[in-house]
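In: Here is a sequence together with a model predicted from it:
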Amino acid sequence: MKRSVFSVIRNEALTETVFRMVLRGDTSAITAPGQFVNIALDGLYLRRPVSVCDLEGDTLTLLYKVVGQGTARMARTAPGERLDLLTGLGNGYDLSKSGDKPLLLGGGVGVPPLYLLARRLIAQGKSVTAVLGFNTKSEVFYEAEFRALGAAVTIATADGSYGKKGFVTDALPEGYSYFYTCGPEPMLRAVYRAAGTDGQFSFEERMGCGFGACMGCSCKTVTGYKRICRDGPVLEQGEILWND
């Protein structure tokens, strides 16, 4: 973990509620796709965790959805402003288990961390398929960006207004070697039941500190309690115990 000050280069809306923020600063602590940063915002006590979408040199790209006071403040951030970030948080995805044809499954704001993952896997020569799920056509983002990387992309919308009607589990392809997924818990549960291979799950969770001190985001696994912010957010399929 490293604390650094980043300068905002761009901050733009992709949809009515999803924004892309591009920052410049010390990214050296970010070592794996699936890690996140924790952003300090003026007037707010707790930092806001946001997954890393992309990383190149000293340039960091974050995609976030405006859902509350913190993200609303982020949406008002202008180019040139400076933000205090904790970087290199979380464990990220393990690319060594992907096989030749990895499948990426993202739902809503679970899509962003899969972008850097796709880029890294494709750079290794892997044939990547991405299934991205949204509620409706107006919420779809980053389809073109995944295609530009060379990934085969399928979009699923719950209302059928774009792509395949249904959820990501209704658009599972055949013949994938391994899967990586990120999204809301109901989607992750559905993937757990439907997937035909092993895989890795990135969990979304409310966090207090973001680095394991407060224990507020603990979850029970087959090997005991783990902190989503420090021991996760990525967990292996075989260690997950669902809270029913």
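Out: Looks like it came in fine. Numbers count the residues shown, from 1 in each chain.
In: which other helices and strands contact the host helix or strand of Phe19?
Out: Following DSSP states H and E, one finds Phe19 within strand 18-24. The contact analysis (3 or more Cβ pairs under 8 Å, 6 or more residues apart in numbering; DSSP states H and E) places strand 18-24 against strand 2-13, strand 59-65, helix 69-75. Where C-beta positions appear, they are placed from N, C-alpha and C, glycine not excepted.
In: try 6 Å
Out: strand 2-13, strand 59-65 (3 or more Cβ pairs under 6 Å, 6 or more residues apart in numbering; DSSP states H and E).
In: domain parsing for this structure?
Out: As assigned by automatic domain parsing, the chain contains the domains 2-89, 95-203, 205-244.
In: And the first one, how far out from the chain middle?
Out: In terms of Cα atoms, centre = their mean, to the nearest Å, the gap separating the centre of domain 2-89 from the centre of its chain is 13 Å.
In: tell me, how many neighbours does the closest residue to Thr223 other than its chain neighbours end up with?
Out: Closest residue to Thr223 apart from its sequence neighbours, by Cβ to Cβ, 6 or more residues apart in numbering: Glu239 at 6.2 Å. For Glu239, the count of nearby residues is 13 (other Cβ atoms under 10 Å).
In: for the one 3 residues further on, same thing?
Out: Other residues near Trp242 come to 10 when the count uses other Cβ under 10 Å.
In: distance of it from Val234?
Out: From Trp242 across to Val234, the span is 16 Å (Cβ to Cβ, to the nearest Å).
In: Where is the longest helix in this protein?
Out: helix 112-123 (DSSP state H).
In: Now do that one: which elements does it pack against?
Out: When contacts are defined as 3+ Cβ pairs under 6 Å, 6+ apart, helix 112-123 sits against strand 48-56, strand 102-107, helix 143-149.
In: Gly183: which of these is closest?
Out: strand 102-107 (2.9 Å; Cβ to Cβ).
In: spatially speaking, which residue is in the middle of this structure?
Out: With distances taken as Cα atoms, centre = their mean, Pro113 lies nearest the centre of the chain, 3.0 Å away.
In: Looks like it contacts Ser51 (just checking).
Out: Yes: in terms of Cβ atoms under 6 Å, Pro113 counts as a neighbour of Ser51; the distance is 4.1 Å.
In: Could you list the buried residues of the host helix or strand of Leu235?
Out: Per DSSP H and E, Leu235 falls inside strand 234-236. Within strand 234-236, the residues that qualify as buried are Val234, Leu235, counting by 16 or more other Cβ atoms under 10 Å.
In: Same check on stretch 109-117?
Out: Val109, Gly110, Val111, Pro112, Pro113, Leu114, Tyr115, Leu116, Leu117.
In: Please name the nearest non-neighbouring residue to the last one.
Out: Closest residue to Leu117 apart from its sequence neighbours, by Cβ to Cβ, 6+ apart: Pro33 at 3.8 Å.
In: what sits against that neighbour?
Out: Gly92, Tyr93, Leu116, Leu117, Arg120 (Cβ atoms under 6 Å, 6 or more residues apart in numbering).
In: Name the nearest residue to Lys65, sequence neighbours excluded.
Out: Using Cβ to Cβ, 6+ apart, the closest residue to Lys65 is Val109 (4.6 Å).
In: where's the one you found relative to Met187, distance?
Out: With Cβ to Cβ as the criterion, Val109 and Met187 are 11 Å apart.
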